[in-house]
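> requesting a structural model of the entry that follows:
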Amino acid sequence: MSDIDWDSLTFSLTKTDWMYMVKCNLGDAWTPGKIMPYGTFEIDPAAGVLNYGQGIFEGMKAHRTINDRVVIFRAEENARRFQSGADRLGMPPVPESIFLDAVEQVVAANKKWVPPAGKGAMYIRPLLLGTGPIMGVAPAPEYTFIVFVTPVGPYFKGGLSCIDLIITDEYHRAAPGGSGGVKAIGNYAPGMMPSKNAKKEGFAEVIYLDAENHKYIEEVGAANFFCVKNNVIYTPELTGTILPGITRDSVIQLARSYEYEVIEEKVSAEFAMDADEAFCCGTAAVISPIGSIQHGDKKKVYSNGDIGPITQKLYDSISGIHSEKVEDSFGWLHEVDLNLNLEK
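Coordinates of the predicted model:
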């Protein structure tokens, strides 16, 4: 679109033209939905999602590559995680085929909103909501699957830069046996206030420790944590309290392909603050280098406040695959057919 100032795009909502929606009653099978104009929709005040938080979401990106293709990164993994989350919250899982078709249709319908290569990406937001009315804590009688998209600019304007983080001893993100391992909508609002307080103190985000021992790092806000010590990469193991991030899994696979040792285990705050490098990762920023971590009166500065070499290599590799500057030897990219016959 010639009238969009791609250079001014930030990581925020820009309303696009089309979205996808389909409804399903509890106990019925999902059927394909339709593309419809982006906009509001009615919901009953007694909807399960409004009263009991019965909802999940995903975060994905479509990229325009240097070869002028529009590709989606590891969409099948998002589809499978979406199904797992639905199971955990008592919702009918959306079949992978319907999920992937919906995502591709919405990207194709809004193709003019995909930024040029190097100018950002199209962020994709699938939602599954318990929209049927219910009184009493029980599964809603009806569910709505929605996909919408928005163009976003690069997370780091002006290039990759380090962030400063603070460890909280007061708040925890999740507890064993809870829903910390799924992208439940209710997992995110409780982190807003600790994050806001951290930003007031000059930090980019807060690091959460485990709720059981209060000593092991779990997540950075809504991102997965990694650190590097003596060229060995460490990341907290998946225990059910940590989201199994798709970028996290991609980092692990990439690092091992470069013959780095990657250890998934409990990572104590003490160990992390003695590491050589640290970074966090997620769909939004891909990889965020950590410049420093504050814990109480102790502060650790990594790589003299610069980006560590392993962090930089992994970021360049993943972002290079997104843009096709780096060969996709893993088969992670799915090209979107921009000339799809859309169901409207």
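
> for residue 195, list the residues it contacts.
205, 206, 221 (C-beta atoms under 8 Å, 6 or more residues apart in numbering). (Glycine included, C-beta is placed from N, CA and C.)

> and the pLDDT at it?
Here, the pLDDT recorded for residue 195 equals 95.

> so is it in a helix, a strand, or just coil?
Secondary structure assignment for residue 195 (DSSP: H, G, I helix; E, B strand; the rest coil): helix.

> how close does it sit to residue 32?
Going from residue 195 to residue 32 by C-beta to C-beta, to the nearest Å gives 38 Å.

> and what of residue 97?
9 Å.

> number of residues surrounding the closest residue to residue 283 other than its chain neighbours?
Take residue 283 and drop its neighbours on the chain: the residue closest to it by C-beta to C-beta, 6 or more residues apart in numbering is residue 59, 4.3 Å away. Burial of residue 59 is recorded as 17 neighbouring residues (other C-beta atoms under 10 Å).

> so how far is residue 160 from residue 59?
20 Å.

> isn't residue 64 up against residue 112?
No. Contact criterion C-beta atoms under 8 Å: residue 64 and residue 112 do not qualify, at 11.2 Å.

> among the two, which residue is more densely surrounded?
residue 64 (23 against 12).

> give me the phi and psi angles of that one.
Dihedral angles of residue 64 (phi, psi; degrees, to the nearest 10) stand at phi -90, psi 120.

> ditto for residue 153
Residue 153 adopts backbone torsions of phi -80, psi 180, taken as degrees, to the nearest 10.

> with adjacent residues omitted, what lies nearest to it?
Once flanking residues are discounted, residue 153 sits nearest to residue 9: 3.3 Å by C-beta to C-beta, 6+ apart.

> residues in contact with the residue nearest to residue 283?
123, 124, 125, 183, 282, 283, 284.

> what's the answer for residue 26, then?
Counting by C-beta under 8 Å, 6+ apart, residue 26 makes contact with 92, 132, 139, 140, 141, 142, 143.

> which parts of this protein are helices?
All helices of the chain, identified by DSSP state H, fall at 48-52, 75-88, 96-109, 192-200, 246-257, 269-272, 309-323.

> so for residue 36, which of those helices sits nearest?
Taking C-beta to C-beta, helix 96-109 is the member of the helices of the chain nearest to residue 36, at 9.6 Å.

> just the buried positions in that closest one, please.
By neighbour count on 16 or more other C-beta atoms under 10 Å, the buried set for helix 96-109 is 98, 99, 100, 101, 102, 103, 104, 105, 106, 107, 108, 109.
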